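S.K.: I'd like to go over a predicted model; first the sequence, then the structure.
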Amino acid sequence: MRYIAVNSILQSPSFCGLSLGPRIFFMKKKQIIEQFLSIQGEGRSLGRLAYFIRFAGCNLRCGWCDSLFAVEPSLFQGKADEVRYHEVPPYCDLVVMTGGEPTLFDLKGVRDRLLTPTRIFEVESNATRFPEAIVDDFVWNLSPKLSSSKQKTEIHDRTRLQSLAQWATYAQGRSNVMFKFVMTGPSDFAEILELVKTFRISRDQVYLMAEGQSSSTQKIENVAWIIDLCKKEGFQYSPRLHVILWGDQRGV
């Protein structure tokens, strides 16, 4: 997919009028493709013990998707489950709701069932949807997709920018939002800088991460250039600790 300049989309009639094509679907029925206890491998909560709840279903199709089993209906239909609330250890104070795209579901309902005075709820989202009733006490781990994710339609560009503008406005002065960009190569950096500058995203909220599903993709010789960019621009670097430890193995 070609890289479409941010400003050209922001100034287009379809963006200004919020005419973004068909509405993004919202699946009301819980569809959990896997749930397990592990450590958070990415972002601000790196290394923390966490209980993962992975929702099946997504509104995007990334060319390098590392969880296709939670995206393609043919791979999860008939295999989905309900949230097994009783399996969440009482000593686990971090619940990560991931996908797929978890904002397609009633996350507040899940939170209400698992709420404790000390438990944190983190949502890993592609940032293409800004919930009408946003939950301020969630940690929003947002991963806006770049042109290198090879989405199939221009609708994705308009939708992601509308939502990203909303998320960036919401994130101002907040500590519960991070923007995590997956990089496939140095050519992604210009697009990241344009998004950060256009939407005035605070640099301490920006995390850069190398794409890859094998431990070799996370070796220092393969990610040093990303760390150098972080040092130069004041961004944060996030490894993919679960990939380093377990590769593409599921449920760990």
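M.R.: Thanks, I have the structure now.

S.K.: in which helix or strand would I find residue 160?
M.R.: Assigned by DSSP states H and E, residue 160 belongs to helix 155-171.

S.K.: and that helix, what's its mean pLDDT?
M.R.: Across helix 155-171, the average pLDDT comes to 86.

S.K.: Likewise for stretch 225-245?
M.R.: Mean pLDDT, stretch 225-245: 96.

S.K.: can you give me the mean pLDDT across stretch 194-205?
M.R.: Stretch 194-205 shows a mean pLDDT of 97.

S.K.: which residues of the stretch 151-252 of the chain fall in helices?
M.R.: In the stretch 151-252 of the chain, the helices defined using DSSP state H, counting those that start in this stretch lie at 155-171, 188-198, 220-233, 241-246.

S.K.: same for the longest one, what does it pack against?
M.R.: Under the contact criterion of 3 or more C-beta pairs under 8 Å, 6 or more residues apart in numbering; DSSP states H and E, the helices and strands touching helix 155-171 comprise helix 6-10, helix 13-16, strand 138-142, strand 177-183. Where you see a C-beta, it was placed from the backbone N, CA and C, and this is true even at glycine.

S.K.: With the last one instead?
M.R.: Helices and strands touching helix 241-246, as assessed by 3+ C-beta pairs under 8 Å, 6+ apart, comprise strand 32-39.

S.K.: which residues sit against the strand it packs on?
M.R.: For strand 32-39, the surrounding residues in contact (C-beta atoms under 8 Å, 6 or more residues apart in numbering) are 47-56, 69-70, 76, 79-84, 87, 89, 92, 100, 241-242, 250-252.

S.K.: May I see the buried residues of it?
M.R.: Neighbour-count burial for strand 32-39, counted by 16 or more other C-beta atoms under 10 Å, picks out 32, 33, 34, 35, 38, 39.

S.K.: Following the chain onward from it, which element is next?
M.R.: Criterion used, DSSP H and E; the element after strand 32-39 is strand 49-55.
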